[in-house]
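1. Quick check, what structure comes out for this input:
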Amino acid sequence: MIKTALLQEEGILEAARIIQAGGLVGMPTETVYGLGANGLDPAAVARIFEAKGRPQDNPLILHIPQADWLERYCRNIPKAAYRLAEEFWPGPLTVVLPRRSNVPNRTTGGLDTVGMRCPNHPLALALIQAADLPVAAPSGNTSGKPSPTTARHMLEDMDGKIDAILDGGPCSVGVESTIVDLTCHIPRLLRPGGVTLEHLQRVLGEVVVDPAVTRLMKSGEKPKAPGMKYRHYAPKAPVTVIAGTPRKTARYIFEHCSPEDGIICFDEFRDLFSAQVVEPLGSANNLEEQARRLFDALRAFDHTEVTAIWAQCPDCKGIGLAITNRLNKAAGFHIVEV
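-> Sure, this is the predicted structure:
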């Protein structure tokens, strides 16, 4: 078993050397912690899939320090990619582009496209610059479980499986990056995140929302981006999402839950559930706080004896679409509308 080192900021050069040598490093970003490796080394990428227990057809994102690296790994880059990079990079946005031949099939899940992102975290950018190569980094959790937003979360899943984790503090956004496919005639939102659909529409005009954002992918469909096909973000106990206005959803959960259940609710309704284990999501009106707390809440229930989890969720405006998407996937799209 590997002894996983917990590194601080002064350990960036050590982390870079691990990446260059084909090892695995937990990397802080503004979205969630990523499991980083040399994205051009098929053997290193294979170790990512092994450590996570990740399906082989689930593509990875390459992390770069600036937009002018796009030409190294992508071809036929549309002007829209640079407009988005100018507006949102560094930041929680991944663009899907045609890949060059130097990007391995293992990194892309066999696709002829690759997701590219420039993260907005000083330690992530310093690590990529020091390694001087694109870092492939899916979320740093066991596949299917909630994504880690602290180094401690990542250590829970990856201790003994990877070489090191670079501790950059809690993640500021809390949900994975937005993914937009620019290889389509009309740009397509594959995964909602911190850069919202409304943000994309302001820069690009029309944007199509992929059906996988709001439903499970069908058998035989091939995912073009991470997080599309498989059950994700799930704690051990089954999750039921209750959709509707905050007051109606709180009342429905109150009337149907048992004392042994867990509750994810808006702060305004916490006092309703004095008999249950409660993980407050934040104020009903504060979507950014809800995004930051979401994965912490889902993970917390794995340290309890709850047998089922009921969750309120916001509407789909702004980053609410990303929060709803993650909750629905955690629930396997088991949703009750009230």
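2. from here on, contacts and neighbour counts on C-alpha atoms
-> Fine.
3. any chance you could map the helices in the stretch 51-200 of the chain?
-> Using DSSP state H, counting those that start in this stretch, the helices found in the stretch 51-200 of the chain span residues 70-73, 79-88, 105-108, 122-131, 151-158, 197-204.
4. Among those, show me which one is buried the most.
-> With neighbours defined as mean count of other C-alpha atoms under 10 Å, those peak in mean count at helix 105-108, which reaches a mean of 24.
5. quick one: that one to chain centroid distance?
-> For helix 105-108, the gap between its own C-alpha mean and the chain's C-alpha mean amounts to 19 Å (C-alpha atoms, centre = their mean, to the nearest Å).
6. which residue lies farthest from the center of this protein?
-> Of all residues in the chain, the one whose C-alpha sits farthest from the chain's mean C-alpha position, using C-alpha atoms, centre = their mean, is residue 255 at 32.5 Å.
7. Looks to me like that residue is in a helix.
-> Yes: assessed by DSSP: H, G, I helix; E, B strand; the rest coil, residue 255 belongs to a helix.
8. Quick one: closest of the helices of the stretch 51-200 of the chain to residue 282.
-> helix 151-158 (19.9 Å; C-alpha to C-alpha).
9. Show me what the closest one packs onto, helices and strands only.
-> Counting contacts by 3 or more C-alpha pairs under 8 Å, 6 or more residues apart in numbering; DSSP states H and E, helix 151-158 is packed against strand 164-166.
10. got the contact list for residue 104?
-> When contacts are counted by C-alpha atoms under 8 Å, 6 or more residues apart in numbering, residue 104 touches 39, 40, 41, 42.
11. Isn't the third one up against residue 20?
-> So the one you mean is residue 41. No: checked against C-alpha atoms under 8 Å, the pair residue 41 and residue 20 is beyond contact range at 9.4 Å.
12. for this structure, what's the longest helix?
-> Ordering each helix of the chain by length in residues (DSSP state H) puts helix 287-300 first.
13. That one to helix 151-158, inter-axis angle?
-> Angle between the axes of helix 287-300 and helix 151-158 is 40 degrees (criterion: axes from the mean of the first three to the mean of the last three C-alpha atoms, to 10 degrees).
14. Okay, domains of the chain per the record?
-> By the assignment in automatic domain parsing, the chain contains the domains 5-213, 239-337.
15. any idea of the mean pLDDT in the first one?
-> When pLDDT is averaged along domain 5-213, the result is 96.
16. Check which element follows the strand or helix carrying residue 247 along the chain.
-> For residue 247, the enclosing helix or strand under DSSP states H and E is helix 246-256. Reading on from helix 246-256 to the C-terminus, the next helix or strand found by DSSP H and E is strand 262-266.
17. List the pairing partners of that following strand within its sheet, with orientation.
-> Strands adjacent to strand 262-266 in the sheet, as given by DSSP bridges, are strand 277-282 (parallel), strand 309-312 (parallel).
18. can you list those in a markdown table and add distance to residue 322?
-> A markdown table is the format used below for the strands paired with strand 262-266 (distance: least, C-alpha to C-alpha, whole Å):
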| stretch | distance to residue 322 |
| --- | --- |
| strand 277-282 | 14 |
| strand 309-312 | 14 |
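19. Just name the most buried of those strands.
-> Comparing these by mean count of other C-alpha under 10 Å gives strand 309-312 as most buried, with a mean of 25.
20. how much space is there between the residue minimising distance to the centre of the chain and residue 307?
-> For the chain, the residue lying nearest the average C-alpha position, counting by C-alpha atoms, centre = their mean, turns out to be residue 176 (2.7 Å). Distance, residue 176 to residue 307, using C-alpha to C-alpha, to the nearest Å: 27 Å.
21. With residue 209 instead?
-> Taking C-alpha to C-alpha as the measure, residue 209 and residue 307 are separated by 34 Å.
22. now do residue 91
-> As defined by C-alpha to C-alpha, residue 91 lies at a distance of 37 Å from residue 307.
23. These two: which is more packed in?
-> When residue 91 is set against residue 307 and neighbours are counted by other C-alpha atoms under 10 Å, the residue ahead is residue 91, at 21 against 15.
24. Which residues are in contact with that one?
-> Counting by C-alpha under 8 Å, 6+ apart, the residues that residue 91 touches are 30, 117, 118, 119, 120.
25. Also residue 175?
-> With C-alpha under 8 Å, 6+ apart, residue 175 has these contacts: 31, 32, 147, 193, 194, 291, 292, 294, 295, 322, 323.
26. cool, residue 118 as well?
-> Residue 118 makes contacts with 63, 64, 65, 66, 67, 89, 90, 91, 92, 93, 94, 125, as judged by C-alpha under 8 Å, 6+ apart.
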